[in-house]
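K.L.:
sequence first, predicted coordinates after that:
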Amino acid sequence: MTDELISKKDLLDLTGISYGQLYRWKRKNLIPEEWFIRKSSYTGQETFFPKQQMLTRIDKILNMKDGLSLDELADVFSPTLGEVEMSAEQLMDRNIVSSPSLELVKEAGREQPMYALEQIMMLYVLEKLLLSGDITRQEGSLLIDVMSEHYYRFANRASELLLIRKMGVPTFMLVGSGSELYFDQGVKVVLRIPLGTFMEELKLKLG
């Protein structure tokens, strides 16, 4: 269950970026160190990358670099949580969460007068997955519980959200990015989403 890899040469050819740009973005932490994967090939040692994650990240950098400095971009892409607190009204004003999602949070007993960034992240992920139809309201309640209880453990590192089902019973999991997972027969992986993508979008909305 790992991403398809792309070689450095193919990546540069496909995206049109230069070797210098690639390594300057690495030094500025726009591209995580762990995405540079050294592997043996018929020409010797070669660098590979998780293809879809790299293509998505490079597309974002190219589209955002004219409006933000490299340091500002690094902050957007960082998995580190900042010091933010906002009320439900403020979050709705910024279109981060809607009333139906907040009502679900209230039903789950997780309503707060003020939400810190890791809780805002939970609300944003819930909102996006409900709106897309990727999860049901019942699964939304499970998502609220798992992110409320465990997301803080990944505050300074990349993580992924998984939704699995077995015999129709859903379960959410939070795992470190790129973790290899093995399941018993009959388990279906319904969703596997890098949470960094949501955090990048959220930080831009929070400004």
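P.N.:
Arrived safely, thanks for sending.
K.L.:
and the helices in this structure?
P.N.:
In the chain, helices defined by DSSP state H lie at 8-15, 19-27, 51-64, 70-77, 88-93, 99-107, 117-132, 137-150, 195-206, listed in chain order.
K.L.:
if I look at the nearest residue in space to R94 that is not next to it in sequence, how far off is V84?
P.N.:
Closest residue to R94 in three dimensions, ignoring its sequence neighbours and counting by C-beta to C-beta, 6 or more residues apart in numbering: K205, at 5.6 Å. The way it works is simple: take the backbone N, C-alpha and C, and place the C-beta from them, glycine included. Between K205 and V84 the distance is 11 Å, computed by C-beta to C-beta, to the nearest Å.
K.L.:
who has more neighbours, the two?
P.N.:
It is V84, of K205 and V84, that has more neighbours when counted by other C-beta atoms under 10 Å, with 16 against 13.
K.L.:
right, and the more buried one touches A116 too?
P.N.:
Yes - with contact defined as C-beta atoms under 8 Å, V84 reaches A116; the gap is 6.7 Å.
K.L.:
tell me the pLDDT at the residue nearest the centre of the chain?
P.N.:
Closest to where the C-alpha atoms of the chain average out (C-alpha atoms, centre = their mean) is L195, at 1.9 Å. Confidence per residue is given as pLDDT, and for L195 that number is 90.
K.L.:
wait, what's in contact with it?
P.N.:
Residues touching L195, when contacts are defined by C-beta atoms under 8 Å, 6 or more residues apart in numbering, comprise 79, 121, 125, 151, 154, 158-161, 174.
K.L.:
excluding its backbone neighbours, what's nearest I135?
P.N.:
Leaving aside its sequence neighbours, I135 sits nearest to L129 (C-beta to C-beta, 6+ apart; 4.5 Å).
K.L.:
show me the shaky parts of this protein.
P.N.:
For the chain, residues meeting the criterion pLDDT under 70 lie at 1-3, 79-82, 207.
K.L.:
span of stretch 173-188 from start to end?
P.N.:
Taking C-alpha to C-alpha, to the nearest Å, the span from the opening residue of stretch 173-188 to its closing residue is 13 Å.
K.L.:
same question for stretch 171-191.
P.N.:
With C-alpha to C-alpha as the measure, stretch 171-191 spans 11 Å from end to end.
K.L.:
burial measure for P113, as a count.
P.N.:
Other residues within reach of P113, judged by other C-beta under 10 Å, total 7.
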